[in-house]
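S.K.: Starting from these lines, generate the structure:
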Amino acid sequence: MRRRSGRRRTRKGSGGEQLVLIAGGVLVVWLLGVGVLRFLATHPVVLVLLILLVGGAVAVWVVQRQKAAQWERVRLQGLRYALSQLDSLHHRDFEHVVRDLMRRDGCADAVQVGGAGDNGADVKATDPFGRRWVIQCKHRRAGLAGSAVGTPELQVLNGTGRPVHKGDVVVLVTNGRFSKPAFEFARSQRLHLVDRTVLGEWASGSRPLWELLRAVPPPRRPTSQS
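M.R.: Sure, this is the predicted structure:
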């Protein structure tokens with residue numbers, strides 16, 4: 001019993017020491033703060049210099065952010081891809097390229113969402129006309145020589161594109177080809193297919209994707225482009 005009471009006292013003692021240390025630290029910080037405020041009050045020139053330095057640092061940060069945004073816009077405006085470049089990509093990089101192409105064409109909110117639990121969507125975007133795009137990407141390393149994208153992939157996209165993701169335009173993009181049943185299924189379900197030919201024209205920067213596809217839903221809102 002005596003040994004146990006000794007341990008309890010040791011624990012209480014260590015807890016008390018921690019409280020003392022914390023209180024001491026708070027006191028030191030408070031005294032330093034008071035000292036700094038008094039120093040600045042008696043030396044206003046130093047205070048003005050600090051304000052100028054902080055203001056200058058903030059201004060530099062803002063300018064750098066603006067320049068970075070400007071360069072990003074320039075980069076997107078000149079974004080072009082050859083089909084050979086697209087073939088060499090990793091499938092995840094292919095999704096990012098599709099996202100960037102949508103941004104290039106005016107979809108400022110385009111985002112890559114592909115991954116585990118993506119429910120059939122790899123890229124989502126809203127075009128300048130207010131239409132919500134839901135895009136699934138199927139990359140083929142061998143391009144046209146790779147396996148054709150068939151109806152199973154389209155069935156997944158069809159089951160989630162509108163009910164889950166609320167898409168107005170539901171698209172499957174591939175650098176390869178589609179099977180004949182896939183074309184028939186897409187037509188019956190109002191899905192849009194971007195095969196290698198359409199992708200090559202889109203990636204070359206000729207026109208935005210909505211001008212290359214047939215039967216795209218009408219704009220949700222009027223814009224300067226309408």
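S.K.: Name the helix or strand of the protein that has the lowest mean pLDDT.
M.R.: For the chain, scoring each helix and strand by mean pLDDT, DSSP states H and E identifies helix 44-77 as the least confident one, at a mean of 66.
S.K.: the helices in this protein, which residues?
M.R.: Here the chain has its helices, by DSSP state H, at 2-42, 44-77, 83-87, 91-104, 151-160, 180-189, 196-203, 209-212.
S.K.: what's the spacing between the third one and its chain's center?
M.R.: In terms of CA atoms, centre = their mean, to the nearest Å, the gap separating the centre of helix 83-87 from the centre of its chain is 23 Å.
S.K.: which of the residues in that helix are buried?
M.R.: By neighbour count on 16 or more other CB atoms under 10 Å, the buried set for helix 83-87 is 83, 86-87. To be clear about C-beta, it is placed using only N, CA and C from the backbone, and glycine gets the same treatment.
S.K.: Now residue 107: closest residue in space, sequence neighbours ignored.
M.R.: residue 125 (3.8 Å; CB to CB, 6 or more residues apart in numbering).
S.K.: contacting residues for residue 132?
M.R.: Counting by CB atoms under 8 Å, 6 or more residues apart in numbering, residue 132 touches 124-126, 165-169.
S.K.: Show me what it is bridged to.
M.R.: Under DSSP bridges, the beta-bridge partners of residue 132 are residue 126.
S.K.: Quick check: it vs residue 94, distance?
M.R.: Distance, residue 132 to residue 94, using CB to CB, to the nearest Å: 21 Å.
S.K.: same check, this time on residue 41
M.R.: Distance of residue 41 to residue 94, computed by CB to CB: 61 Å.
S.K.: More neighbours: which of these two?
M.R.: A count of neighbours by other CB atoms under 10 Å puts residue 94 above the other of residue 41 and residue 94, at 22 against 9.
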